[in-house]
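J.: Would you be able to build a 3D model of this:
(one chain, ligands or ions: 4)
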Amino acid sequence: MNADLHCHSVVSDGTLEPEALAARAKGNGVELWALTDHDEVGGQHRARDAALALGMDYLTGTEISVTFAGTTVHIVGLGFDADNAQLAAGLHATRGGRRERALEMADGLAKVGIHGTYEGALQYVGNPELISRTHFARHLVESGVCSDTQEVFRKFLVEGKPGFVPHRWATLKNAVTWITDAGGIAVIAHPARYKFTANEEYALFTEFKAHGGRGVEVVTGSHSSADAVRYTDTALEFELLASRGSDFHSPDESHIDLGTLPALPAQLTPVWEALEAQIHHPA
Ligand code: AMP
Ligand code: MN
Ligand code: MN
Ligand code: MN
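T.: Ligands and ions are numbered 1, 2, ... in the order given. Below you'll find the predicted structure:
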């Protein structure tokens, strides 16, 4: 099964419309797809309709920003009711404060001589409530300050750099509860990306399970093959379902395209096996 259950559209920080992503996924052989925009479900009906029209199965998705042990952790939700009111309210609250944070980021960059970045970033934003570091990165590349987005993050947008402004996102408990109460499954996104100590990581997985979380991304565009081996062991240890997703954002930026990742290791249970009843099938 070629499942790709993690990617972004212009509804958050991707560069393609949901319909264009669906067509790209289909073209790359994806059989089960989910659009997982950051902190937002505004693209879900469009993505589902486009997938079904192309003959592709669809699961609803989102990727919620969470603050855990002082670090930003991402929790992917799959298979929930896209019209659930508690989830919508929770995501709305999580999106709050991005504009103020972006203005502070621009102040930080102005102090090192880079001016007008808030206005610049806004030019790349599809959804003003979702202005993110990615949009600043695109602006700083297009205006010639850096040669690619990786360089922008390294020099300006990570902790300790002038454009970094910490933010308090949702709690782990709230994010997992919103997804689960809406009928979906919560999944820890790209665990290898977090700079946790072994104890902190153990606490993340333990608390995640205690709140009802059931899955972990093992094969993702953010993991090396060694990371996938490591989190295969973690999935087995914590008895978690496994997910697979490219985290595709843009044809110009993402090195892993939709539907092109290796398969999940055979000893894992794919998360979609537990979501049979939530999968939307073409008529
Ligand atoms: P924000 O939610 O505003 O903090 O932005 C987070 C987004 O920035 C992530 O969803 C990624 O799309 C992007 N991002 C984070 N770190 C990097 C990096 N090192 N290189 C490129 N993009 C990154
Ligand atoms: Mn992103
Ligand atoms: Mn993420
Ligand atoms: Mn993502």
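J.: Just confirm G77 is within a strand.
T.: Yes - according to DSSP: H, G, I helix; E, B strand; the rest coil, G77 belongs to a strand.
J.: Neighbours of Q267, how many?
T.: Applying other C-beta atoms under 10 Å, we find 10 other residues in the vicinity of Q267. C-beta: built from backbone N, CA, C; applies to glycine.
J.: which bits of the chain sit near ligand 1?
T.: Near ligand 1, the residues belonging to the chain are D13, H38, S65, S132, R133, T134, T149, Q150, F153, H249 when assessed by C-beta under 6 Å from any ligand atom.
J.: need the contact list for the residue nearest to the fifth one when sequence neighbours are not counted.
T.: When you say that, I think you mean R133. Take R133 and drop its neighbours on the chain: the residue closest to it by C-beta to C-beta, 6 or more residues apart in numbering is L157, 4.8 Å away. When the contact criterion is C-beta atoms under 8 Å, 6 or more residues apart in numbering, the partners of L157 are M105, R133, F136, A137, G163, F164.
J.: Touching, S225 and P262? I think so.
T.: Yes - with contacts counted by C-beta atoms under 8 Å, S225 reaches P262, the gap being 7.5 Å.
J.: Next up, phi/psi of the residue of the chain most remote from its centre, please.
T.: With C-alpha atoms, centre = their mean as the measure, the chain has its most outlying C-alpha, relative to the mean C-alpha position, at G113: 31.3 Å. Here is the backbone geometry of G113 (degrees, to the nearest 10): phi 90, psi 10.
J.: which residues sit in contact with it?
T.: With contacts defined as C-beta under 8 Å, 6+ apart, G113 has no neighbours.
J.: Check A88 too.
T.: A88 is in contact with V41, counting by C-beta under 8 Å, 6+ apart.
J.: SS state for the residue of the stretch 1-150 of the chain found nearest ligand 4?
T.: Scanning the stretch 1-150 of the chain for the residue nearest ligand 4 gives E63, at 4.8 Å (criterion: C-beta to the ion). At E63, secondary structure determined by three-state DSSP is strand.
J.: mind checking how far the nearest residue to K161 once chain neighbours are set aside is from Y231?
T.: Once flanking residues are discounted, K161 sits nearest to K155: 6.3 Å by C-beta to C-beta, 6+ apart. Taking C-beta to C-beta, to the nearest Å as the measure, K155 and Y231 are separated by 29 Å.
J.: quick one: the residue of the stretch 1-150 of the chain closest to ligand 4 and A189 touch, right?
T.: Yes - under the criterion of C-beta under 8 Å, E63 makes contact with A189 at 6.0 Å.
J.: which residues do the two both contact?
T.: Taking C-beta under 8 Å, 6+ apart as the criterion, E63 and A189 both touch H6, H74, I75, V76.
J.: Switch those over to JSON lines; also include pLDDT and neighbour count.
T.: Output for those, formatted as JSON lines (pLDDT from 0 to 100; neighbours: other C-beta atoms under 10 Å):
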{"residue": "H6", "pLDDT": "98", "neighbour count": "28"}
{"residue": "H74", "pLDDT": "98", "neighbour count": "24"}
{"residue": "I75", "pLDDT": "99", "neighbour count": "26"}
{"residue": "V76", "pLDDT": "99", "neighbour count": "29"}
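J.: and the two most separated of these?
T.: Distances among the shared contacts of E63 and A189 were taken as C-beta to C-beta; the most separated pair is H6 and I75, at 11.6 Å.
J.: what residues are shared contacts of those two?
T.: Common contacts of H6 and I75 (C-beta under 8 Å, 6+ apart): E63, A189.
J.: where does the stretch 101-250 of the chain dip in pLDDT?
T.: Applying pLDDT under 70 to the stretch 101-250 of the chain flags no residue at all.
J.: Please enumerate the helices of it.
T.: If DSSP state H, counting those that start in this stretch is used as the criterion, the helices of the stretch 101-250 of the chain fall at 117-122, 133-142, 149-152, 172-181, 198-210, 225-237.
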